[in-house]
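*Asks:* Build the 3D model from these lines:
(one chain, ligands or ions: 1)
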Amino acid sequence: MLETNKSIAQKDFVLSIEGLTVSFDGFKAVNNLSLYVEEQEIRVIIGPNGAGKTTVLDLICGRTKATEGSIKFKGTELTRLNEHQIVHAGVGRKFQNPSIYEDLSVFENLELSFPRGRNVWGALTFRRDAEVVAKVKEIADMIFLGDKLDMNADLLSHGQKQWLEIGMLLIQDPELLMLDEPVAGMSVSERKQTAELLQRITKDRSVLVIEHDMQFVADIADRVTVLHQGQVLSEGSMERVQSDPKVIEVYLGH
Ligand SMILES: Nc1ncnc2c1ncn2[C@@H]1O[C@H](COP(=O)(O)OP(=O)(O)OP(=O)(O)O)[C@@H](O)[C@H]1O
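*Replies:* Residues are numbered from 1 along each chain as shown. Here you go, the predicted structure:
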C-alpha cells in the first residue's frame with residue numbers, strides 16, 4: 001500500500017482528485033472519489049445516468065463546491081478557488097450545448113475568446129494585431145474551420161459549432177480541457193474528425209471527457225474511468241473495463 005501511494009505521489013499528474021465527496025441534502029452524488037490524470041492523457045469518464053459524471057466536472061471547474069476532499073491541478077488546490085480563478089489557472093470546460101455567438105463570424109468568435117479580448121467591447125475594438133490573427137487562423141485550421149473564418153456561426157452545422165466552441169477554449173490554451181459529450185448529435189465522419197482533433201490537442205494538454213458513445217470512447221481514450229453511484233467502479237484501458245463483469249452488469253450489459 002505504501003508502495004502504491006509512493007508511486008502515485010511521484011508521478012506527474014496534471015489532476016489529482018482525492019477523497020472527493022459532494023452531498024446534496026445528505027445524498028452523496030460523488031462519494032470519496034479519487035482520480036489521477038496524467039499529462040497528455042485523454043481520460044474518458046463513462047457510467048450510467050446519475051452516476052455523478054457531470055457533477056465531477058462541476059466540482060473541478062468550481063461550479064459546485066465539494067463537501068470534502070481535494071482537487072489538485074498542477075499542485076494548486078482548486079476547491080478553494082472560484083470558477084473564474086479556475087479558468088485562469090488553466091482549466092477549460094465545454095458544456096453540452098454550444099455557447100457560441102451565433103450572429104458573429106467564426107473569426108470573431110475565436111478572436112473574442114483570445115485571452116486579451118475576454119469582454120465583448122474590448123475584443124471588438126482592439127487592434128487585430130498579427131499575433132491574434134495568426135493564432136485565430138492556427139486554431140481555425142485545427143478545428144477544421146480554416147476555410148470558414150468569415151462565415152456567420154449560425155450557418156455552421158451542429159458539429160462545426162461544437163468544434164468552434166472547442167476552438168474557443170483552445171485559444172485560451174488550457175492545460176486541462178474538459179468536454180461533456182462532445183460528439184452528441186454529430187455525424188459519423190464528424191465523430192472521426194473530433195477523435196483526430198482530440199488526439200492532436202493532447203500533445204500539449206490533458207483532456208477529460210464524459211461520453212456515452214462507446215465507439216468514440218474506444219477511439220480516443222488512453223484510460224477509462226467507470227463511475228457508478230458517485231464512486232469508481234472500474235478503471236483502466238477500454239479493453240479492461242469492457243471485460244470487467246461489474247461494468248457489464250451495471251452499464252455495458254444494458
Ligand atoms: N445540484 C444538485 N442537487 C441535488 N442533486 C443533484 C444536483 N446535481 C446532481 N444531482 C444528483 O446527483 C446525481 C448525479 O448526477 P450527474 O448529473 O452528475 O450524473 P451523470 O452521471 O452526469 O448522469 P447523466 O449521464 O444522466 O448526465 C443524480 O442523482 C442527480 O440527480
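*Asks:* Please state the offset of stretch 63-79 from the chain centre?
*Replies:* Stretch 63-79 has its C-alpha centroid displaced from the chain centroid by 16 Å (C-alpha atoms, centre = their mean, to the nearest Å).
*Asks:* actually stretch 142-159, not the one I typed
*Replies:* Distance, centroid of stretch 142-159 to centroid of chain: 21 Å (C-alpha atoms, centre = their mean).
*Asks:* tell me the mean pLDDT over it?
*Replies:* What stretch 142-159 shows for mean pLDDT is 96.
*Asks:* ok, residues contacting it?
*Replies:* If you take C-beta atoms under 8 Å, 6 or more residues apart in numbering as the criterion, stretch 142-159 is touched by 98, 100-107, 109, 136-137, 140, 160-161, 163-164, 166-167, 170, 185-187, 190, 193-194, 197, 200-201. Placement of C-beta: from N, CA and C, glycine included.
*Asks:* and if you look at stretch 58-66?
*Replies:* By C-beta under 8 Å, 6+ apart, stretch 58-66 touches 15, 17, 20-22, 30, 55, 71, 73, 78-79, 81-83, 85-87, 91, 93, 176, 178, 208.
*Asks:* Now narrow those residues to whatever sits close to the ligand.
*Replies:* T55 (C-beta under 6 Å from any ligand atom).
*Asks:* Can I get the buried ones among the contacts of stretch 58-66 as something I can paste into PyMOL?
*Replies:* Written as a PyMOL command, the selection of buried residues from the contacts of stretch 58-66, which uses 16 or more other C-beta atoms under 10 Å, is:
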select buried, resi 15+17+20+21+22+30+55+71+73+78+79+81+86+87+91+93+176+178+208
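*Asks:* Following element in sequence after the helix or strand of the chain with the lowest mean pLDDT, please.
*Replies:* The helix or strand of the chain with the lowest confidence, counting by mean pLDDT, DSSP states H and E, is helix 2-10 at a mean of 48. Once helix 2-10 ends, the next helix or strand along the chain (criterion: DSSP states H and E) is strand 13-24.
*Asks:* Count the residues that sit near E165.
*Replies:* Counted by other C-beta atoms under 10 Å, the residues lying close to E165 total 22.
*Asks:* State the three-state secondary structure for it.
*Replies:* Assigned with DSSP: H, G, I helix; E, B strand; the rest coil, E165 falls in the helix class.
*Asks:* pretty sure it is touching S99, no?
*Replies:* Yes - applying C-beta atoms under 8 Å, one finds E165 in contact with S99, separated by 6.7 Å.
*Asks:* Now list the buried members of the contacts of stretch 142-159.
*Replies:* 98, 100-101, 104-107, 109, 136, 140, 160-161, 163-164, 166-167, 170, 186, 190, 193-194, 197, 201.
*Asks:* what about I45, which SS state?
*Replies:* From three-state DSSP, the assignment for I45 is strand.
*Asks:* Am I right that R93 falls within a strand?
*Replies:* Yes - residue state for R93 (three-state DSSP) corresponds to a strand.
*Asks:* wait, doesn't it sit right on P182?
*Replies:* No - the pair R93 / P182 is not scored as a contact, 11.5 Å apart, by C-beta under 8 Å.
*Asks:* All the helices of the stretch 151-254 of the chain, in order from the start?
*Replies:* 158-170, 188-201, 214-220, 238-242, 245-247 (DSSP state H, counting those that start in this stretch).
*Asks:* now what about the shortest one, what contacts it?
*Replies:* Residues lying outside helix 245-247 but in contact with it, judged by C-beta under 8 Å, 6+ apart, are 226, 233-234, 241.
*Asks:* hmm, 10 Å instead?
*Replies:* 46-47, 224, 226, 228, 233-235, 240-241, 253 (C-beta atoms under 10 Å, 6 or more residues apart in numbering).
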